[in-house]
Structures are given as structure tokens and as C-alpha cells.
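# show me how the following folds:
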Amino acid sequence: MYTHPKLVEFNQKLEALFREVDDILEDLWAGAFPRHPNRPGRGETGNPEMDGLFNVGPDFTMGLGSEKGRGYIISLRVATLDKVSPEQFELLIEEAARLVRERLPRYFPGRALEVVRDGPRFKITGDFSLGDV
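Numbers count the residues shown, from 1 in each chain. As a prediction, the model looks like this:
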């Protein structure tokens, strides 16, 4: 299957952005909950999605039924057996959204992207075009 090089580049930048955000969340909140006993410790795998307390990443949605349209939902999972209250989760997802919002211009300079609230979630919306192909 062919994947356009500009799409590959976009996805690599998006992945790097979310790895940085995951790293910061681990620094700020790692002691807030005990890590799930079956989950490797931070840095024990080559992929931060698979270790540590958090897994934060983008999930693309076409935005059907959404006022904000298509975009990348900021997905956050806390790898713990403890109950994460709705209030605690809201603090965590707001922090993740803030970090993504602050870093978007550095990872995607000149591109009109923003983080918006879309119902209970945060989403990256804007210019996902590949430019001149």
C-alpha cells in the first residue's frame, strides 16, 4: 500500500508531539496513581504508549455528528487499577490538551491547527492538507 511521503512526515511529527506530551505527563503526574502491575515501567519499552502510567495519543475521527468536524481526538488512558474520578480525569485531559496546544506551532509551523473542546473531548482541528503534491 502506498502512503504519500507528506502524510508520513505529518504522522511522524504528530507522533513526536504526543511522545513529548506523554513524557511531560509522566514527569508531572507519575506519582498520582500506582501503575498497573502488568504494565512495564516508564522507558522499559521502545514505545511510551506501552509503558509508564499514561498513554496519550491522537485518534483520527471524520467528525460525523460533531460541530467541530474532522480532526484528531486527544486520547488519554491511565494505566492503573485505581479508580480515576471524573474530576481527576478532567484535570489530566485538560493538561494534555494544554500541552498539545502549546506545542502545535513548534511541530507544525505555519499550519493553521488548533485544539478545541468538542463535547467531552479535546480535538486538534484545522489544516490537514498535504499542500502541493
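# can we go C-alpha only for contacts and neighbour counts from here?
Will do.
# quick one: residues contacting residue 96.
21, 25, 56, 74, 76 (C-alpha atoms under 8 Å, 6 or more residues apart in numbering).
# the chain: helices as residue ranges?
5-29, 86-107 (DSSP state H).
# state the pLDDT value of residue 32.
Reading off the confidence values, residue 32 has pLDDT 91.
# still on that earlier bit, what is the nearest of the contacts of residue 96 to residue 122?
Taking C-alpha to C-alpha as the measure, residue 122 lies nearest residue 74 of the contacts of residue 96, at 5.7 Å.
# for that closest one, which residues make a bridge with it?
residue 58 (DSSP bridges).
# from residue 3, how far off is it?
23 Å (C-alpha to C-alpha, to the nearest Å).
# contacting residues for the spatially most central residue of the chain?
The C-alpha lying nearest the average C-alpha coordinate of the chain belongs to residue 57 (C-alpha atoms, centre = their mean; 3.1 Å). When contacts are counted by C-alpha under 8 Å, 6+ apart, residue 57 is found next to 15, 18-19, 49, 74-76.
# by neighbours, which of those residues wins?
residue 18 (23 neighbours; other C-alpha atoms under 10 Å).
# and the pLDDT at the closest residue to that one other than its chain neighbours?
Counting by C-alpha to C-alpha, 6 or more residues apart in numbering, residue 18 lies nearest to residue 57, which is 5.6 Å off, once chain neighbours are set aside. Note for residue 57: predicted pLDDT of 95.
# now swap in the one 4 residues further on and tell me
With respect to pLDDT, residue 61 has a value of 93.
# pretty sure it contacts residue 74?
No: here residue 61 does not reach residue 74: they are 10.6 Å apart, not a contact under C-alpha atoms under 8 Å.
# ok so, going back, which of the helices of the chain comes out lowest on mean pLDDT?
helix 5-29 (a mean of 94).
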